[in-house]
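S.K.: no sequence on this one, just coordinates:
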């Protein structure tokens, strides 16, 4: 079968390799090695930045983290790892790593957490005044933004009417996403689609984009949806909340992996479908190493029709993945709990903003029969990845749209075009960003840390005052701007 010219890959794969480290089987030796590594990368990185491999004695060192070690120890950094007890330190080409992630279960989803559990204290259950850091003042400060709605007299959260298209591995039922007795007001799968089965297995497209639990990223769609729109109130006020609790989420299943080079065409179709289905925000917590004209065209399609598309910068490799490296979307890098750049995050000039991507408390997604609802949270705040930063920004976009009103924004920008809505959001989010622990001269992680209350406070640009960005795969365009 000939490849459609619009689906032909664009760009070149990175030539630099990842680093694979193998440790001895003895637990004490492993823990001593990891302690040395943690001391070497503080305060800029956490051990949770290490991607899992197939075994608890093996892991990958992301390129950004290797850069940090190289800066600390020079060319002898690999020798230093062996001095700490590593049996081997070897390169792995990026395309080989991507193949593992796309086509096999060699990346065990829980390996890293199990490996590091002895060094990672359990997360404290947040009390009434201390919610999870990533939605509080140390993160994107969604909590203060919610208060702003209450202070202006909103009796119910208006953002629940905002529709977010979530393109991922599909959904599963969890109480934090409003599921009970087989139905949810938050997640609306009947409005979504499953593109993945039709493409890969030749089966008729299913009406239900339910996650089929294919390793290694089973449950990814559920965890990220909950970071966008979750709400689970627990005894004592120690609840779990996404950035925009109970916002409407429409799931589109396109993949079993967060690396999607094998399904770029499905990602493009899902973006277009989400626009046609009336989504006002599209969350893309995944990406491809290479782009395609069809994928770039889908980003243009959403932008021209006034839809905010939020994309992950990626991790493990330092280069920003597609579609995040395109113009006309909002691209998210990661920070850790100290508001410094997360060591595993991809970065570069195409990044727009940063948000929490390490030490994230998550729902525990489970593979249950339809009608049965999971209700647990992971015991440790060990979620990591720019997928979470992306979800937080999509939640922020829902709050921003609700703050100004979707209909009012469309009317305001009717004369010069709906594209001004995503342009205004991106411009204002960058202008209101906090610098956090960032070097003021470092633009590799965008304008700074997403700050939702500051974003809501900024006045809207006038119709016709904004710069229309270059097409998605056109010459690099730093930001939509007046």
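M.R.: Right, received. Where do you want to start? Quick caveat, the model's predicted, so the values are computed rather than measured.

S.K.: quick one: the helices in the stretch 251-400 of the chain?
M.R.: For the stretch 251-400 of the chain, the helices defined by DSSP state H, counting those that start in this stretch occupy 264-276, 293-304, 386-404.

S.K.: So which of those is the most surrounded?
M.R.: Highest mean neighbour count of the helices of the stretch 251-400 of the chain: helix 386-404, a mean of 29 (counted as mean count of other Cβ atoms under 10 Å). In this view, the C-beta of every residue, glycine as well, is placed from N, C-alpha and C.

S.K.: State the mean pLDDT of whichever helix or strand comes after it.
M.R.: For helix 386-404, the succeeding helix or strand toward the C-terminus, using DSSP states H and E, is helix 406-412. Regarding helix 406-412, the rounded mean pLDDT is 98.

S.K.: And stretch 227-237, by the same measure?
M.R.: Throughout stretch 227-237, pLDDT has a mean value of 86.

S.K.: before we move on, what about stretch 446-459?
M.R.: Here the average pLDDT along stretch 446-459 is 97.

S.K.: Distance across it, terminal residue to terminal residue?
M.R.: Length of stretch 446-459, first residue to last, Cα to Cα, to the nearest Å: 21 Å.

S.K.: For residue 245, which of the helices of the stretch 251-400 of the chain is the nearest?
M.R.: helix 386-404 (8.5 Å; Cβ to Cβ).

S.K.: Can you tell me how far the nearest residue to residue 325 once chain neighbours are set aside is from residue 159?
M.R.: Spatial nearest neighbour of residue 325, chain neighbours left out: residue 350 (4.5 Å); criterion: Cβ to Cβ, 6 or more residues apart in numbering. According to Cβ to Cβ, to the nearest Å, residue 350 stands 28 Å off from residue 159.

S.K.: returning to what we had before: do I have it right that the residue nearest to residue 325 meets residue 321?
M.R.: No - Residue 350 is beyond contact range of residue 321, at 10.0 Å (criterion: Cβ atoms under 8 Å).

S.K.: Point out where the stretch 1-150 of the chain drops to low pLDDT.
M.R.: 1-5, 14, 43-56, 101-130 (pLDDT under 70).

S.K.: Helices of that one, start to end?
M.R.: Under DSSP H, counting those that start in this stretch, the stretch 1-150 of the chain gives helices at 27-41, 63-73, 77-83, 94-103, 111-116, 142-151.

S.K.: Just say which of these is most tucked in.
M.R.: Comparing the helices of the stretch 1-150 of the chain by mean neighbour count (mean count of other Cβ under 10 Å), helix 111-116 ranks first with a mean of 20.

S.K.: can you give me the offset of stretch 320-336 from its chain's centre?
M.R.: Computed by Cα atoms, centre = their mean, to the nearest Å, the chain-centroid distance of stretch 320-336 equals 9 Å.

S.K.: Check the separation of the first and last residues in it.
M.R.: Note: stretch 320-336 ends 18 Å apart using Cα to Cα.

S.K.: Tell me the buried residues in it?
M.R.: 320-336 (16 or more other Cβ atoms under 10 Å).
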